[in-house]
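Participant: can't give you the sequence, but here's the structure:
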């Protein structure tokens, strides 16, 4: 330990910790943290912010002490950054770079190129009926899915009522509790659907976005002909008709890495003027359409208006 | 310290310069990041940066939590305590280790420093491994998020939790039988080229220590430990997050869908995918749910069981703390066991 300069390393480490704290503080103050972290995770971020400041300040004070060896713990040698100086430089570089990137590179939400790579979901991908097909094996999904969808289309309420009973027979591992939960789950969407159907125009907001996607998927038949207002960024896939465009949103659970893409197909005469990634509001009439053999809601005869990016570019699940 | 005054001055200046740079950036971050030069950076790289920073910023609080738990263990838990609570029989110790994993709510970022510390404190290697693979899945937060993401399909929730419990014990038993003769698989001073620590000699410490340290000294030690460990863990986290961000940005997920329907290949592909994405175990259920109906339950379960046990960012950390041969044996064991268990579970039982 003779040549290990404790005070230098403690000093640099302290500065780096303070740097991380300043980056997080800056993101929180400017509100740009929404591009990285979901609001539900914010308590953890505040914890990290405070901890970094404390650790950083303690580290800087530690560096002013000449002798490390009097530490009662006696295990400082456990943590030395060792190796030649170029290696130390690289190691500290690894810590400094994210802070520099964070400060210098523009904070932006993910764009349509990421959406294209992740694959867009038309409608609520995780709702019971759409995902019914993956309850058991893929082979069952193919035969079972269409039959169920048809049963549902013929008699939505009756089909929903029968779900509790049939799943009890089919899936022996369902317990009573889960069936109750499923009913609660359906009730929630049914109530939201009824509430929306009473309105003249269905307005899809940031807050109800994911729920509305699911509702439109579940109760599409009842919504046909309704007026709708929906916000999203413009996204296109190869093979779209010239008047077709998608209003897309990234939905985030914890952080941007887990963001998935939802979208609603819009058919508007003036859509060709809208560039990809432009934020827009679309008003139109809900119709039933098809895309890649999938039944999806389509907003037809739409009028599109370009807008500034909303304050919260991402949408979040409601729990 | 036999460094000359000039050198010390130079080093201080380096630190102060860094602080000054951070301050300038803090104050003028808006101007810098909206400047033309920064705006002209290709969007793809901005996306990489966004995902990279989001993984780092999201993982940091949990790394810090893990590091604090590890520091508390270092200072408050003695080797005797660990010896007293674990059954003497190696196989009998596997079960309580899995239960312990279920009680402590630590995710896969936080668990690595804790397990390393426990092993250094004398917990047998295989018991630590059970803990390492069980804790990130068997915890209340992960249970809740998987429940919400797969409300319509509780099979996934129960197979995820059940497999995590059983497989962690099997994995621990297999690694025990392989490394029974060589229980010391932590990296030590002999190969410090990458890692930055060596074996902790507890005896020295207790001899040096004259009487019990006071409360303040303990708090100070906890804080010192926490920042030291943050610097040890952090570099691997940051490297792992960067590679994961590259895959997140550039990997076209529709490639997966072309392989999606066959149970054997899709389970394997989804496990590889879980490895590359390096998602937090609290959020991965929602990502799995977003793959929707193109994928079989077996492949989604593979994704949800394998990812928290092993992924790109914690591989970096494992190689830092354990000997390479052990990490490779661990990775092979986990991969085989998870793959075949998922296939067997869905092929024969469900």
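Facilitator: Perfect, thanks for sending it. The model shown is predicted, which means the values in this text are computed figures rather than measured ones.

Participant: hey, let's count contacts and neighbours off CA atoms from now on
Facilitator: OK.

Participant: immediately after the worst-scoring helix or strand of chain B on mean pLDDT, which helix or strand?
Facilitator: Using mean pLDDT, DSSP states H and E, helix B:202-208 stands out as the lowest-scoring helix or strand of chain B, at a mean of 41. As assigned by DSSP states H and E, the chain's next helix or strand after helix B:202-208 is helix B:215-250.

Participant: where does the stretch 1-150 of chain B have low pLDDT?
Facilitator: For the stretch 1-150 of chain B, the stretches flagged by pLDDT under 70 are B:1-9.

Participant: where along it do the helices fall?
Facilitator: Assigned by DSSP state H, counting those that start in this stretch, the helices in the stretch 1-150 of chain B fall at B:5-33, B:36-39, B:43-76, B:79-85, B:94-103, B:108-120, B:125-134, B:140-149.

Participant: quick one, the last one and helix B:94-103 angle?
Facilitator: Put simply, helix B:140-149 runs at 70 degrees to helix B:94-103, going by axes from the mean of the first three to the mean of the last three CA atoms, to 10 degrees.

Participant: and the residue nearest to residue A:219 when sequence neighbours are not counted, what's its pLDDT?
Facilitator: Excluding the flanking residues, the one nearest residue A:219 by CA to CA, 6 or more residues apart in numbering or on different chains is residue A:193, at 7.3 Å. In the predicted model, residue A:193 carries a pLDDT score of 86.

Participant: residue A:193: helix or strand, and which one exactly?
Facilitator: Assigned by DSSP H and E, residue A:193 falls in helix A:176-198.

Participant: count the residues that sit near residue A:9.
Facilitator: Residues near residue A:9, counting by other CA atoms under 10 Å in any protein chain shown, number 21.

Participant: and what of residue B:84?
Facilitator: With other CA under 10 Å as criterion, residue B:84 counts 9.

Participant: what's near enough to touch residue B:341?
Facilitator: Neighbour list for residue B:341: residue B:163 [criterion: CA atoms under 8 Å, 6 or more residues apart in numbering or on different chains].

Participant: quick one on the thing from earlier: return the most buried member of the helices of the stretch 1-150 of chain B.
Facilitator: helix B:125-134 (a mean of 28; mean count of other CA atoms under 10 Å in any protein chain shown).

Participant: contacts for it, please.
Facilitator: Counting by CA under 8 Å, 6+ apart, B:93-94, B:97-98, B:100-102, B:108, B:111-112, B:115-116, B:118-119, B:164-165, B:168-169, B:171-173, B:175-176, B:183-185, B:308-310 sit against helix B:125-134.

Participant: give me that answer again for 6 Å
Facilitator: B:94, B:97, B:98, B:101, B:115, B:164, B:168, B:169, B:172, B:176, B:309 (CA atoms under 6 Å, 6 or more residues apart in numbering or on different chains).

Participant: contact partners for the third one?
Facilitator: What that stands for is residue B:98. B:130, B:131, B:134.

Participant: and the second one, how far is that from chain A?
Facilitator: Just to be clear, that refers to residue B:131. 23 Å (CA to the nearest CA, to the nearest Å).

Participant: name the residues that touch stretch B:316-324?
Facilitator: B:185, B:186, B:187, B:195, B:236.

Participant: again, 8 Å this time
Facilitator: B:112, B:116, B:185-187, B:194-195, B:233, B:236-237, B:239-240, B:327.

Participant: list the buried residues of that stretch.
Facilitator: Neighbour counts over stretch B:316-324 (16 or more other CA atoms under 10 Å in any protein chain shown) mark B:316, B:317, B:318, B:319, B:320, B:321, B:322, B:323 as buried.

Participant: cool, stretch A:288-304 as well?
Facilitator: A:296, A:297, A:298, A:299, A:300, A:301, A:302, A:303, A:304.

Participant: OK, now which residue of the stretch 151-300 of chain B is nearest to chain A?
Facilitator: Taking CA to the nearest CA, chain A has its nearest neighbour within the stretch 151-300 of chain B at residue B:252, 4.2 Å off.

Participant: that residue contacts residue A:118, correct?
Facilitator: Yes. In this structure, residue B:252 is within contact of residue A:118 by CA atoms under 8 Å, at 6.4 Å.

Participant: ok, these two, which is more surrounded?
Facilitator: Counting neighbours by other CA under 10 Å for residue B:252 and for residue A:118 shows that residue A:118 has the greater number, 21 against 17.
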